[in-house]
Each structure stands twice: as structure tokens, then as C-alpha cells.
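Asks: build me a structure from this.
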Amino acid sequence: MAGTDHAGEFAPLELLYQDEHLVIINKPSGLLVHRTDLAKGEDDAVVQRLNTQLGQWVYPVHRLDRATSGALLLALTPEAARRLGSDFMSHTVTKVYHALSRGHVQEAGVVDYPLATLNEEKGRSRFKIEGTEKDAVTHYSPLARFEAPIPVSRYPTARLSLMEARIDTGRKHQIRRHFKHIFHPILGDTRYGCRHQNHAFREHGFTALRLMLHAHRLSFTHPFSGARVDVTAPYPADFQDLLSYLYRHQTIS
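Replies: Residues are numbered from 1 along each chain as shown. Model prediction:
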């Protein structure tokens, strides 16, 4: 489970912003946005937890992968959900992600690479490709580069980049698939990542290594007041601990 308190009940979610129309949380890694038929037997999910925590129904207007942490926006009324959903569809919401990726990325770039639709197969943990490819655009830039004393395969050290990504589209696993496409897969990604690097970090002591992708910031125009809402989600402990380890070692500026 993504987290329980000492009484065995699900721990409250961190609220980053709340008013009478919407709420933004810092979603933990490992937590589903809502229960589905593909996750039978699981009682915990963001929607169900927030229903109890806030004492009212909430409506998700976008999604984060289960393993992705960070800023998640939910509406508190059907009308707010409709307006926010329209904003997401028209790409007026700024979504900024941070990721730890394999290799040293030297400069900013854009991945403009169409992606086929992925649908999870019922009762299985794998996806099948359906339909035609759709446009997908990801802007990325390196924030820092690291070289850690962790042997990876035949290499004596592990090279990583802290990356910022902004997406113009919202295809399933878009950042993960695009970073794999440019040969800089995300650390901890068991589907699109580098198994040698993932294994090396787990063997080095990061045994609970998960997908190192964090929804760092959300920025949008409030659907009722017209004010600008700009919220940053702090790194969770596992992401921050790994970053702290990398910064303590040789950092490539």
C-alpha cells in the first residue's frame, strides 16, 4: 500500500491547494487514482481516500501513472470537473515533470514522436497496442548531471540526468515512452527502463527503487475566479533521498 497510519487506516493525502471548487494533492507513488476492474481486491486509491478525508465526493480530471508521484488535480463538483476537463483537452494546463534518466543529457530538446494507444489487458499487468498512432510532443531539458560510483553492467559508474519535461499531449506513458525513444529511459521504470541500471541501484541499497518520475508542478487558470493557480509538489522522501545521494557524489555541472 502507498501508506497507512499506525491504526492501520489509510494515511491522509498531502493537500497542496484547496478551495470550494477543486483540490490538488501530492500523490504518493504506488497509489492508483481510482479503483478499476483491472485492480480488483484493492481498497486504496486517491478518489476513495479523498472521499473519506474531505467528507465529500471528488472527481479526477486527469491521471498520473500508479508509480508516478506528484501534483494531481481533482474537482469537487461536476461543473468544476467539466470546466477543468475542457482545459486539459485544450492543452491550457501547464504540467511540469521531473525525472531521473539514464545517461548525460547535454541540452534541451523536443520529442515529436507519435504514440499508439495502450490499453491494459483485463486481469493482466501488461498492455496491448490498439488503434492508430496519435501525435505526442514532449519538451525536455537537463537540470543536473550526475556520475555515481555504482557499476552498471560493464561500466564502472552510473550516469544520470535530472530532467524536466513538459508535455503538449497526454498519451499513456508518454514521458516514459519518449525518454526511451531518445535512449534516456527513466530510472526505476520496469517497463521501458534499463534493467541493468535498475538492478545496479537496487543492489547498491536502493531496494525499494520505483519509477523516478514526479509531477513537479501544475499551472492553470482557475475555472471560476480566473486567477492563476500555480502549485509545486515537493519531492517525496524516496526521490529526495536518491537525489541527495547523487549530489553528495560527483556532480557534472
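Asks: let me know the pLDDT of the nearest residue to residue 110 once chain neighbours are set aside.
Replies: When the adjacent residues along the chain are set aside, residue 110 lies closest to residue 139, with 5.3 Å between them (C-beta to C-beta, 6 or more residues apart in numbering). Heads up, the C-betas are built off the backbone N, CA and C, glycines and all. Looking at residue 139, its pLDDT reads 97.
Asks: same thing with the one 3 residues further on?
Replies: In the predicted model, residue 142 carries a pLDDT score of 97.
Asks: pLDDT weak spots in the protein?
Replies: 1-9, 36-42, 118-131, 251-253 (pLDDT under 70).
Asks: apply 90 and report the result again.
Replies: 1-11, 34-44, 89, 91, 116-134, 168-172, 249-253 (pLDDT under 90).
Asks: so which residue is dead centre in it?
Replies: Among the residues of the chain, the smallest C-alpha distance to the mean C-alpha position (C-alpha atoms, centre = their mean) belongs to residue 68, namely 3.1 Å.
Asks: now the spatially closest residue to residue 114 that is not a sequence neighbour: phi and psi?
Replies: Once flanking residues are discounted, residue 114 sits nearest to residue 133: 3.8 Å by C-beta to C-beta, 6+ apart. For residue 133, the backbone dihedrals (degrees, to the nearest 10) come out as phi -70, psi 150.
Asks: can you check residue 81 too?
Replies: Backbone torsions of residue 81, given as degrees, to the nearest 10, read phi -60, psi -40.
Asks: state the distance from it to residue 23.
Replies: Shown here: residue 81 relative to residue 23, a distance of 12 Å by C-beta to C-beta, to the nearest Å.
Asks: now the residue nearest to residue 114: how far from residue 103?
Replies: Relative to residue 103, residue 133 is positioned 26 Å away (criterion: C-beta to C-beta).
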